[in-house]
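K.L.:
return atomic coordinates for the entry below.
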Amino acid sequence: MIIINIEGTPKTPKVNFDPEKGTLLLKGRSIPENSIEFYRPLVDWLEEYSGNPKGRTVCDIQLEYFNTSSSKCLLDLFKKMEQMNSSGSEIVINWYYEEDDEDMLEAGEDYQSIINVPFKMIEVQD
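P.N.:
Next up, the predicted model:
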């Protein structure tokens, strides 16, 4: 499998999905013109990865902002991880939020309440 490494832009997050290390990173802002088009290769990659995942996969979500269409795409990614988790892979989702950002904390808690995967809420200083 290939490593997905996409540099972030003002509208799209930095992406680094590394199958050898079992690490997934989304960092920055997610307000792409077409969220489905941006996230589809990531969902497809995760689908392929789920066929032969590492024993432990760590997903770091460090988004400062995302729009509604991105939130649906994130849910699709989390559902794939939930399937992997229920199949016996250890999945950890680290949800980073800035200390003053109640909205981002709530978004993480909302995902945590609907996805059966351990979420770790991590507060970062501005």
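K.L.:
for the longest strand seen in the chain, buried residues please.
P.N.:
Ranked by residue count, the top strand of the chain under DSSP state E comes out as strand 56-66. Within strand 56-66, the residues scored as buried using 16 or more other Cβ atoms under 10 Å are 57-63, 66. Where you see a C-beta, it was placed from the backbone N, CA and C, and this is true even at glycine.
K.L.:
and the residues you listed as JSON lines, adding distance to residue 45?
P.N.:
Putting the buried residues of strand 56-66 into JSON lines (distance: Cβ to Cβ, whole Å) gives the following:
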{"residue": "57", "distance to residue 45": "12"}
{"residue": "58", "distance to residue 45": "16"}
{"residue": "59", "distance to residue 45": "12"}
{"residue": "60", "distance to residue 45": "16"}
{"residue": "61", "distance to residue 45": "16"}
{"residue": "62", "distance to residue 45": "19"}
{"residue": "63", "distance to residue 45": "18"}
{"residue": "66", "distance to residue 45": "19"}
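K.L.:
can you redo those residues as TSV with pLDDT?
P.N.:
As requested, the buried residues of strand 56-66 are arranged in TSV below (pLDDT from 0 to 100):
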residue	pLDDT
57	97
58	98
59	98
60	98
61	98
62	98
63	97
66	97
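K.L.:
perfect, that will be all.
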